[in-house]
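A.B. asks: Build me a model:
(one chain, ligands or ions: 2)
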Amino acid sequence: AIPLILDCDPGHDDALAIMLAAADPRLNLLAITTVAGNQTLEKTTLNARRVCTIAGITGVPIAAGYDRPLVGELTVGEYIHGASGLDGPTFGEPTVPVVEEHAVELMRRLLLEHPEPVTLVPLGPLTNIAVLLRDHPEVRSQIREIVLMGGSTERGNIAPYSEFNVAVDPEAADLVLRSGLPVTMCGLNVTHQALVTPEVVARLRAIGGDLADACVDLLTFFGSGYERVFGLADPPLHDPVAVARVIDPSLVECVRVPVAVELTGTHTRGATVVDLHGKTGAPPNALVAMRLDTPRFWDLMVEAVTKLSA
Ligand code: BDR
Ligand code: CA
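C.D. replies: Numbers count the residues shown, from 1 in each chain. Ligands and ions are numbered 1, 2, ... in the order given. Sure thing, here's the model as predicted:
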């Protein structure tokens with residue numbers, strides 16, 4: 001199985017990404033690390049514990065990372081994810097603990113200890129990953145690849161041209177994209193091919209049980225936010241797309257192109273400038289996801305929740 005570490009900010013779509021990563025037999029989830037993003041670090045960490053508790057994911061260490069971006073103030077995603085960061089279901093007291101080690105220290109240690117290179121899957125602002133690469137260059141050879149959810153080849157969501165994860169910490173995203181490591185970017189252009197249709201909700205509901213019910217409640221809340229903010233009836237389930245790419249690369253078609261992060265734009269700070277047609281002459285530095293095999297993606301997601309519900 002492919003060893004991976006999920007770095008996330010749960011978050012509704014992060015929650016389902018955690019379930020997919022823990023359940024799929026082709027993956028070996030080594031750790032879950034948290035970062036401030038959709039909500040404060042305190043809340044995203046609590047939410048990671050809540051998700052693992054309801055999904056029966058035990059034995060995967062959860063470690064908390066940075067509570068703010070490298071530069072400037074934290075912007076949270078409350079307008080979509082609610083006051084808790086995971087509004088919708090009612091959660092009991094989580095039984096899965098958080099470890100004492102800092103997220104970056106846990107990642108460093110696991111990378112150095114693991115017998116084979118590990119895949120990093122960032123699903124929130126890239127603060128933890130950027131600090132790991134900046135302060136611990138010795139881990140580089142132990143990173144197989146970085147498959148992240150963030151950015152867009154098209155327009156943004158938190159601003160006209162900026163996607164949330166990149167816009168919350170543009171300097172961190174810039175550091176990761178310029179790291180020279182193999183980076184795959186699953187942006188809004190591909191995650192908007194993973195729309196939670198009523199049919200998807202019905203498939204999850206049909207699984208039955210507390211976990212499936214919680215997933216339906218999560219997606220219903222998430223959908224109402226998308227409807228209100230973006231006028232989109234079926235919300236895009238962003239983060240699990242990056243996990244799906246790791247599980248089976250043939251699910252997510254990519255192109256190798258130059259990507260830069262706008263750090264100084266008057267109106268576009270945090271935008272990903274994806275040079276699809278080789279206009280800049282810059283060398284390619286990332287694989288950029290373009291097309292999702294949507295039916296197979298939902299099959300994977302439904303299978304994962306079914307397995308965790310058994
Ligand atoms: C990204 O931002 C967050 O709201 C989601 O969890 C996802 O990671 C989408 O822009
Ligand atoms: Ca996220």
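
A.B. asks: Contact residues of the stretch 201-310 of the chain facing ligand 1?
C.D. replies: With CB under 6 Å from any ligand atom as the criterion, the stretch 201-310 of the chain comes near ligand 1 at residues 238, 239. Quick note: C-beta positions are derived from backbone N, CA and C, even for glycine.

A.B. asks: Show me what from the stretch 201-310 of the chain comes close to ligand 2.
C.D. replies: Within the stretch 201-310 of the chain, the positions near ligand 2 by CB under 5 Å from the ion are residue 239.

A.B. asks: Identify the residues contacting the residue nearest the centre of the chain.
C.D. replies: Centroid-nearest residue in the chain, with CA atoms, centre = their mean: residue 123, separated by 1.9 Å. Taking CB atoms under 8 Å, 6 or more residues apart in numbering, we find residue 123 in contact with 6-9, 11, 13-14, 17, 148-149, 165, 238-239, 242.

A.B. asks: let's see it at 10 Å
C.D. replies: Contact analysis of residue 123 by CB atoms under 10 Å, 6 or more residues apart in numbering lists 6-11, 13-14, 17-18, 21, 35, 37-38, 147-150, 165, 186, 238-243.

A.B. asks: so what pLDDT did it get?
C.D. replies: Predicted confidence (pLDDT) for residue 123: 99.

A.B. asks: what do you get for residue 242?
C.D. replies: Residue 242 is given a pLDDT of 99.

A.B. asks: Export the helix or strand where it lies to CSV, keeping only CA atoms.
C.D. replies: Residue 242 belongs to helix 239-247 when assigned by DSSP states H and E. The C-alpha trace of helix 239-247 is given here as CSV (Å, rounded to 0.1, in the frame of the first residue of the first chain):
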residue,chain,number,x,y,z
ASP,A,239,-10.3,17.4,-1.1
PRO,A,240,-11.1,13.7,-1.8
VAL,A,241,-10.1,14.3,-5.4
ALA,A,242,-6.4,14.6,-4.4
VAL,A,243,-6.7,11.4,-2.4
ALA,A,244,-8.3,9.7,-5.4
ARG,A,245,-5.3,10.8,-7.6
VAL,A,246,-2.9,9.0,-5.1
ILE,A,247,-5.1,5.8,-5.0
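
A.B. asks: The next helix or strand after that helix - which strands sit beside it in the sheet, and in what orientation?
C.D. replies: Next along the chain after helix 239-247, taking DSSP H and E as the criterion, comes strand 252-257. If you go by DSSP bridges, strand 252-257 pairs up with strand 286-292 (antiparallel).
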